[in-house]
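Undergrad: Sequence and predicted structure, then a few things I'm wondering about:
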Amino acid sequence: MEMESPSPFKGDILKGKVVLLTGGGSGIGFEISAQFGKHGASIAIMGRRKNVLDDAVSALRSLGIPAVGFVGDVRRREDAQRVVDATVKHFGKLDILVNAAAGNFLVAAEDLSPNGFKTVLDIDSVGTFTMCHEALKYLKKGGPGRSSSDGGFILNISATLHFTASWYQIHVSAAKAAVDSLTRNLALEWGTDYDIRVNGIAPGPIGDTAGFRKLMPQEMNNKVMEDLPLDKVGEKWDVAMAALYLASDAGKFINGTTLTVDGGAWLSRPRRITKDAVKQFSRTVEQKSRAAPVGLPTSKL
């Protein structure tokens, strides 16, 4: 078993906070659940698979974290409303909503049915908005358990796929682009009207997730590593630490931002020429430039 990196944050930075996480029973969502809980928060997680929720809640409680799980589908408004209300009934309030539920699979655009496209948008985009919409009454300043001047916090888990374009993930790219737009618009409207901060995190390649293994065949891993600026993929812990920063008082003046956590991967391009070749080419150009006669016209008008 790998040793977890120590947290750079104090253990009580989320003390007294109540957090509801969709998709919080596995992957990045569970890591955020665990780290938020370790830093003082009470945790409610929502997901479609009861066995996954039960295992996640047991794991959180074994760490001494107050935790509860609710079965629900973010695509169903009645589920969203029920889970949000149940969280407040169980813990007395709601301070933070994390939208981490998502769907993804590799498929060429021509092989993707409109229904498949819609399904991913329904989970990622519509589901995110639905959860935000149902949580508003509890997160806004003056809401149940809140002061008249203190709003809550929303964190939307996005991706980097739509920053440029991505092979075989047109559905997810479109869905996450919508999530980023939703983040900015809610930050503007609800930050102004209700003192609610709304931010996002766009993870890049995170190696210790089932999604990475599903979307990145083993034979491609070495090639991918060659193209990454830091020569490595990230860990779920990296995303959770970014989430802690944004959710804590350290991020209290950050609103409407989607923080990219990918080691610069979205900037990467295959190296077409080696450094030595670049140096040699530069020396050749410089030598030719020095050898050229000074003051002679280079072209005729």
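TA: It's in.

Undergrad: So for residue 148, what pLDDT did the model give?
TA: According to the per-residue confidence, residue 148 scores 86 in pLDDT.

Undergrad: just checking, it is part of a helix?
TA: No. Using DSSP: H, G, I helix; E, B strand; the rest coil, the secondary structure at residue 148 is coil, not a helix.

Undergrad: out of everything not next to it in sequence, what's closest to it?
TA: For residue 148, ignoring the flanking residues on the chain, the nearest one in space by Cβ to Cβ, 6 or more residues apart in numbering is residue 142 at 4.6 Å. All C-beta atoms are positioned from the backbone trio N, CA, C, and that covers glycine.

Undergrad: and the one you found, which of the three is it?
TA: Relying on three-state DSSP, one would call residue 142 coil.

Undergrad: Would you indicate which residues of stretch 131-142 are buried?
TA: Neighbour-count burial for stretch 131-142, counted by 16 or more other Cβ atoms under 10 Å, picks out 131, 132, 134, 135, 136, 138, 139, 140.

Undergrad: With stretch 119-134 instead?
TA: 120-132, 134.

Undergrad: Filter those residues down to just the ones in strands.
TA: If you go by DSSP state E, these have nothing in strands.

Undergrad: will you turn those residues into a markdown table that also has pLDDT and distance to residue 183?
TA: Below are the buried residues of stretch 119-134 laid out as a markdown table (pLDDT from 0 to 100; distance: Cβ to Cβ, whole Å):
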| residue | pLDDT | distance to residue 183 |
| --- | --- | --- |
| 120 | 95 | 18 |
| 121 | 96 | 16 |
| 122 | 97 | 18 |
| 123 | 96 | 16 |
| 124 | 96 | 12 |
| 125 | 97 | 11 |
| 126 | 97 | 15 |
| 127 | 97 | 14 |
| 128 | 98 | 9 |
| 129 | 98 | 10 |
| 130 | 98 | 15 |
| 131 | 98 | 13 |
| 132 | 98 | 9 |
| 134 | 98 | 17 |
